Every structure is written in C-alpha cells, then in structure tokens.
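J.: curious how this folds, go ahead:
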Amino acid sequence: MTIAPDGRTLSNDVVRLDRLEARDIEPLYDAIASEQVYASGFGGGVAGLPASADEMAEQWIESSAQRVAYVVRLVADGTVVGTTSLGDVDLTNESVHLGWTGYAPSVWGTAVNPACKLLLLRHAFEDCGFGRVKIQTGTANTRSQAAIAKLGATREGVLRRHKKLADGSFRDTVVFSILADEWPEVRKRLEDRIS
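T.: Next up is the predicted model:
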C-alpha cells in the first residue's frame with residue numbers, strides 16, 4: 001500500500017531534513033535568496049526572487065499546500081543551506097515528485113544534494129511505497145540536469161512550454177524518473193557518494 005509523505009524528520013551523517021516551518025524562513029532566505037540560486041529557475045527564475053524573508057514566507061504559504069516542504073540543515077552545525085520537497089502525490093498511480101529544491105551556492109557540488117536525495121528517495125520508496133519518483137528541471141538548467149542524471153535517474157523527455165516563470169515567460173521542462181526496481185542500485189550509488 002502506498003501512503004503519502006508525512007513530513008517526519010529525515011537525517012543522515014550529512015544533512016537533516018525537517019518539515020519547513022515559519023521559524024525557518026529567515027535563515028532559509030539568508031541561505032538561498034540570491035540571483036545565483038534563482039537564475040537556475042528556482043522560484044520561477046530571477047523575477048521570482050523575494051525582496052525579503054516576509055515575501056518568501058508569503059510565497060511558501062501559497063505554494064506549500066500541495067507538497068511536504070523540508071528545510072535542509074547541515075548535521076555538523078545546524079546551518080540552514082536549502083530546501084527541498086515531495087509533492088504532486090498520486091497514490092493511485094504510486095507516483096510522487098521530488099523537487100522544489102534550492103541550495104546555498106556554498107554547498108553546490110558537495111555531499112549535500114546526494115545526501116538529501118538519498119533521504120527523500122528512501123522515504124518515498126521504503127517508507128511510503130511509491131513505485132515512481134519524478135524529478136524535473138528546466139531545459140536551461142544544465143547543472144541540475146547533470147546532477148539528476150548522476151543520481152541514476154532516467155531522462156524521460158521534455159514537456160514543452162510547461163511552466164510559467166515569474167517574468168511571464170514559459171520554460172520547457174526536462175522530466176526524469178527513478179522506479180522502485182531501480183532504487184537499490186540508485187541507493188548504492190548515493191551511499192557510495194556520501195561515504
């Protein structure tokens with residue numbers, strides 16, 4: 001039986017994922033509210049960059065009803081370095097979307113992303129019983145596409161003119177997925193990357 005993600009705390013030696021709460025918005029804003037992060041398409045692109053932590057809070061309240069949003073903290077010192085989510089839950093078809101991910105540039109290329117993905121994928125496949133996890137990004141975000149492919153996800157294709165950005169333009173979206181029967185190999189690959 002497939003169950004929806006419940007927002008429980010997930011942790012390993014690198015990161016701790018806690019359900020995003022109001023008290024997390026200010027340190028999250030400090031970590032990711034930069035043109036460098038939003039230029040990748042996060043938050044709808046640079047035009048969606050909030051001017052303040054209060055504006056970020058409003059954006060998250062509006063958009064978080066359809067997903068379980070997490071704040072990403074480093075285990076070593078508790079520093080907030082980003083956010084990620086599980087959403088678009090489809091229990092009938094045993095599918096969930098892992099996304100809405102943004103990290104502080106200081107942790108790009110480190111063990112943070114594979115550690116987060118290991119936790120969320122383990123939760124989706126082992127705790128919740130999903131058969132498919134979708135991960136997607138804009139076609140212009142080649143860094144994110146490379147990171148998703150490095151996880152072991154399969155590129156399924158491109159959804160054209162799929163998502164309206166904050167500036168009114170539309171992006172094409174590259175869709176990847178990992179299936180339950182692929183999870184053991186993906187899990188091993190991620191465990192090796194963070195060990």
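J.: how about the helices in this protein?
T.: Under the criterion DSSP state H, the chain carries helices at the ranges 25-32, 35-38, 53-63, 112-122, 142-151, 183-194.
J.: point out the most buried one among the ones you listed.
T.: The highest average neighbour count among these, using mean count of other C-beta atoms under 10 Å, belongs to helix 112-122 at a mean of 24. All C-beta atoms are positioned from the backbone trio N, CA, C, and that covers glycine.
J.: tilt between it and helix 183-194?
T.: Angle, helix 112-122 to helix 183-194, by axes from the mean of the first three to the mean of the last three C-alpha atoms, to 10 degrees: 150 degrees.
J.: what helices or strands is helix 112-122 leaning on?
T.: For helix 112-122, the elements it packs on are strand 10-11, strand 15-19, strand 67-74, strand 80-90, strand 95-103, helix 142-151, helix 183-194, judged by 3 or more C-beta pairs under 8 Å, 6 or more residues apart in numbering; DSSP states H and E.
J.: okay, the ones you listed in a markdown table with mean pLDDT and distance to residue 55 next?
T.: What follows is the helices and strands packed on helix 112-122, written out as a markdown table (pLDDT from 0 to 100; distance: least, C-beta to C-beta, whole Å):
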| stretch | mean pLDDT | distance to residue 55 |
| --- | --- | --- |
| strand 10-11 | 98 | 28 |
| strand 15-19 | 98 | 21 |
| strand 67-74 | 97 | 16 |
| strand 80-90 | 97 | 15 |
| strand 95-103 | 97 | 15 |
| helix 142-151 | 94 | 24 |
| helix 183-194 | 97 | 34 |
